[in-house]
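Asks: 3D, please:
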Amino acid sequence: MASSIGSETPPPPPPPPPEAVHPVRVQSEMMNNQLTAPTRIPHDIKMIAEREAPPTQGFGVAGMEGLGGSSSGVTDSLFGQSGPKVQAAAPKKVNISAGVAVGMLIQKTQPNYPPIAKAARVSGTVVLQATISKTGSIENLHVISGPAMLQQAALEAVKTWRYRPYLLNNEPVEVETTVNVIFTLGG
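Replies: Numbers count the residues shown, from 1 in each chain. Have a look, this model is predicted:
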C-alpha cells in the first residue's frame with residue numbers, strides 16, 4: 001500500500017485571491033473652460049487588466065441568437081442565398097479642392113495682366129468658382145473674390161483651360177472646384 005500512497009499527486013493549490021481593484025477618482029480641473037495643469041503627479045500607477053476578453057466570434061444582430069450567431073442567416077432568409085445586389089450610382093457632380101484640380105490641368109493659358117492694373121500697381125489673387133465638365137472643359141465660371149481690375153482677365157484666361165476628366169468608378173463626372181489666378185507685379 002505504500003506504493004499507492006506515494007503515487008498520489010497533491011491537490012493543486014487554491015487559486016490566488018482576486019486582486020482588490022480600487023477605482024481612482026479623477027477630477028477634472030477645469031477653470032473658465034480651460035484645462036489646468038495637475039497640482040501633483042502620483043508616484044505609482046496601477047495597471048488594471050481586463051478580467052475577460054470579449055468574444056471574437058459569433059457577432060450577430062442583437063436579439064437574434066437563435067439564428068446561429070450570425071446575421072447572414074437573417075439576410076439569407078430575407079433575400080435568398082446571395083443577398084441583394086447593390087450598385088451605388090455615381091453622383092452627378094463632385095466637389096474637389098483647387099489643389100486636386102491643378103493636378104488634372106492639361107492646358108493652361110496665362111492671363112494678360114491688364115495695363116491699367118499694372119499702372120495702378122494692383123496685384124493679388126482672383127478666386128473663381130468653376131465646373132469642370134465630363135469632357136474637361138470649364139463651365140459655369142464666376143468670380144468669388146479678388147481685385148476688380150483683375151477679375152475680367154482671370155475669367156477670360158480660365159475659360160480656355162482644359163482638364164483631364166475626373167473619373168469616379170471609371171466614369172467621368174462633373175467637378176465643382178475653385179481656381180486661384182495669381183497676379184504679381186515685377187519679375
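Asks: right, and residue 177 touches residue 100 too?
Replies: Yes: look at residue 177 against residue 100 with Cβ atoms under 8 Å: they come within range, at 7.5 Å. In this view, the C-beta of every residue, glycine as well, is placed from N, C-alpha and C.
Asks: which one's more surrounded, these two?
Replies: Between residue 177 and residue 100, counting by other Cβ atoms under 10 Å, residue 177 is the more crowded of the two (22 against 13).
Asks: residue contacts, that one?
Replies: By Cβ atoms under 8 Å, 6 or more residues apart in numbering, the contact set of residue 177 is 95-98, 100-101, 129-132.
Asks: same thing but at 6 Å, please
Replies: When contacts are counted by Cβ atoms under 6 Å, 6 or more residues apart in numbering, residue 177 is found next to 96, 101.
Asks: what about the helix or strand containing it, average pLDDT?
Replies: For residue 177, the element it lies in under DSSP states H and E is strand 171-183. The pLDDT scores in strand 171-183 average 90.
Asks: so where do the strands sit in this structure?
Replies: Taking DSSP state E, the strands of the chain run over residues 30-31, 34-35, 93-95, 105-107, 124-132, 138-145, 162-163, 166-168, 171-183.
Asks: sorry, back to before: angle of the strand holding residue 177 against strand 124-132?
Replies: Counting by axes from the mean of the first three to the mean of the last three Cα atoms, to 10 degrees, strand 171-183 lies at 170 degrees to strand 124-132.
Asks: what strands line up against strand 171-183, and which way round?
Replies: Sheet pairing here is set by DSSP bridges, and for strand 171-183 it gives strand 93-95 (parallel), strand 124-132 (antiparallel), strand 166-168 (antiparallel).
Asks: the second one: which residues count as buried?
Replies: For strand 124-132, the buried set under the neighbour-count rule, 16 or more other Cβ atoms under 10 Å, comprises 126-128, 130, 132.
Asks: please apply the same query to the last one.
Replies: Under the neighbour-count criterion of 16+ other Cβ under 10 Å, strand 166-168 has residue 166 buried.
Asks: show me whatever sits in contact with both of residue 177 and residue 100.
Replies: Here residue 177 and residue 100 have no joint contacts, going by Cβ under 6 Å, 6+ apart.
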